[in-house]
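Asks: Fold the following.
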Amino acid sequence: MLLAFIALYVLLTIAIGFVASRNVKNTSDFVVAGRKMPLAVAASAMFATWFGSETLMGAPSVFVEGGVLAIIEDPFGAAMCLILVGALVARPLYRLNILTFNDFYRIRFGRKAEIVSAVFMIPSYLGWIAGQMVAMAVIINVLTGISLFWGVAACTVVVVIYTYVGGMWAVSITDFVQTIMIIVGILALAWEVNHQAGGPAAVFASQPDGFFRFVPEWNLDHIVHYFAAWITIGLGSIPGQDVFQRVMSAKDEKTAVRSGYVSGLMYLTIGLLPLYIGLCAKYLHPELLDGDNQALLPAMTLKYSGLGIQVLFFGALLSAILSTTSGAILAPATVLGENLVKPMFHNLSDRHLLLVMRLGVILIAAASMWMALSGSSIFELVAQSSALSLVSLFVPLMAGLYWPRANGAGALAAMVVGMGTWIVCEFFLETHWPSLVYGLFFSVFAMVLLSLLTGKSHSGSR
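Replies: Sure, this is the predicted structure:
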């Protein structure tokens, strides 16, 4: 019965994609849904940006072992990111009427900055998408015993189909439906396990001392690692194309700003529920911790809950993963078409550009599937993807928006030096602190130094 429901839900999602495809007449429809979404849909889409495997499976798995300090990155950092997008980014970028973040880099810093930012942005999504695919495979394995390979393949096929045909229209509409499913499913499971555990007091009392500590010990090492946890997604995902497309799909500037605030608050409040469910699972069924902690919530629900709760929870879980994956695949596919292929062919029609973007959906999905089969955990895959954009794209974006003296030379230096520093520290050196801290520091340093040395701000042209 549960498998029948899952199959029906997947078919419904695909059907929504085909219905939404009727609204796709050009690249603007495909990329930003024609900029027609009301607040409820726009905020739901932004909320669903990251409410996926990281929130429902990755974060609880590390939370039950490491406590609050282990999950600063998500949901706290992720919620902060959405709020900052509404406060700092949504308004000025919405006014530009552009399709990608990389269009902003071209307008503000020139064509070279556009190319470099696109080359750096596209790979940053592969780990994120792969993390969602691994999560889907874990779910399928828990339910059916099917191997990782076939689980990842199934997730890839489903998401590619409805993203390919419907673009941002399909992503936005399914996100709205899936957000409702997420909230209902998570609330239902939280209510049930809370009742079984006898309430929060008993669950909290069973945790070791320091488990709920929110701030680190007062020494430099702990503070730096704490800072790194906040900024990984909190700042690193601000220049994320998936977030940008959801902001740009809003019907007007005010809606774009408000959707950032609303989605951030939704993410923080609803994102705490899976953590509490994980604690209840640890309290009620500690034997489940002997397996893969990433499967803690699915395994508990399948083994100890009735069919109604199973349907609601797995519906929520599928919704979260599919919504996150579809937007994450569409984002780099858009950048590939708009910022790398389109400038190479000056006479490329809008119809052909739309085809390029759709083919990009397939290419990005295939590359992510390969990465998903590498054996990394959900948490590792997601964290690495955010670090890439933090060290290369965040500083040029904020400087371009708020520092008049920022110029093209500084932007290019910030991208290349930040990324280069991160690569060296991550793969070739044994660093004392997280690699992204060094990458961000040198990105800021390069931006300021080169901009001051080379003089006037440089604005590119469309």
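Asks: so how far is G306 from L312?
Replies: 10 Å (CB to CB, to the nearest Å). C-betas here are computed from N, CA, C, even on glycine.
Asks: what about these two, which has more around it?
Replies: L312 (22 against 9; other CB atoms under 10 Å).
Asks: Identify the residue nearest the more buried one in space, chain neighbours excluded?
Replies: Setting aside the residues directly before and after it, L312 is nearest to G185 in space (CB to CB, 6 or more residues apart in numbering), at 4.1 Å.
Asks: who's in contact with that neighbour?
Replies: Under the criterion of CB atoms under 8 Å, 6 or more residues apart in numbering, the contact list for G185 reads L312, F313, F314, G315, A316, L317, S319.
Asks: Show me which residues of the helix or strand where the first one lies are buried.
Replies: Right, the one you point to is L312. Per DSSP states H and E, L312 falls inside helix 307-335. Under the neighbour-count criterion of 16 or more other CB atoms under 10 Å, helix 307-335 has 309-335 buried.
Asks: Do you know the pLDDT at L436?
Replies: Note for L436: predicted pLDDT of 94.
Asks: any idea how far it lies from F244?
Replies: Computed as CB to CB, the L436 to F244 distance reads 21 Å.
Asks: which sections of this structure are below the confidence cut-off?
Replies: Scanning the chain for pLDDT under 70 picks out 53, 291-292, 375-385, 456-462.
Asks: Tell me which helix or strand the spatially most central residue of it sits in.
Replies: Nearest to the geometric centre of the chain sits W50, at 3.9 Å (CA atoms, centre = their mean). Following DSSP H and E, one finds W50 outside all helices and strands.
Asks: mind listing what it touches?
Replies: Applying CB under 8 Å, 6+ apart, the residues near W50 are D74, A78, I233, S237, Y267, T324.
Asks: Dump these to TSV, plus secondary structure.
Replies: TSV is the format used below for these (DSSP: H, G, I helix; E, B strand; the rest coil):
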residue	secondary structure
D74	helix
A78	helix
I233	helix
S237	coil
Y267	helix
T324	helix
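Asks: Let's see the ChimeraX selection covering just the buried ones among those.
Replies: Buried members of the contacts of W50, defined by 16+ other CB under 10 Å, are picked up in ChimeraX with:
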select :74,78,233,237,267,324
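Asks: Output the contacts of W50 in a markdown table; the columns should cover distance to A42.
Replies: Shown next, in a markdown table, are those (distance: CB to CB, whole Å):
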| residue | distance to A42 |
| --- | --- |
| D74 | 22 |
| A78 | 17 |
| I233 | 20 |
| S237 | 17 |
| Y267 | 14 |
| T324 | 16 |
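Asks: just the contacts of W50 now: which is nearest A446?
Replies: S237 (21.3 Å; CB to CB).
Asks: Phi, psi for that closest one please.
Replies: phi -100, psi 0 (degrees, to the nearest 10).
Asks: shouldn't it be in contact with A78?
Replies: Yes. At 7.3 Å, S237 counts as touching A78 under the criterion of CB atoms under 8 Å.
Asks: Could you tell me which residues make contact with V64?
Replies: G278, L279, A281, K282, L289, N293, L296.
Asks: Looks like the fifth one contacts A299 (just checking).
Replies: Just to be clear, that refers to L289. No. Applying CB under 8 Å, one finds L289 not in contact with A299, separated by 10.1 Å.
Asks: who has more neighbours, these two?
Replies: A299 (18 against 14).
Asks: what's the distance between the closest residue to that one other than its chain neighbours and L56?
Replies: Distances taken as CB to CB, 6+ apart put L288 closest to A299, at 5.5 Å, once the chain neighbours are dropped. For L288, the distance to L56 equals 15 Å [CB to CB].
Asks: So the two - more neighbours on which side?
Replies: Between L288 and L56, counted using other CB under 10 Å, L56 has the larger neighbour count: 31 against 20.
Asks: Report the secondary structure state of L99.
Replies: Judged by three-state DSSP, the three-state class of L99 is coil.
Asks: so it makes contact with M248?
Replies: Yes. Under the criterion of CB under 8 Å, L99 makes contact with M248 at 7.5 Å.
Asks: Are there residues contacting both of those two? Which ones?
Replies: Contacts common to L99 and M248, judged by CB under 8 Å, 6+ apart, are V31, V32.
Asks: Now for L453: which residues touch it?
Replies: Taking CB under 8 Å, 6+ apart as the contact definition, L453 lies against A409.
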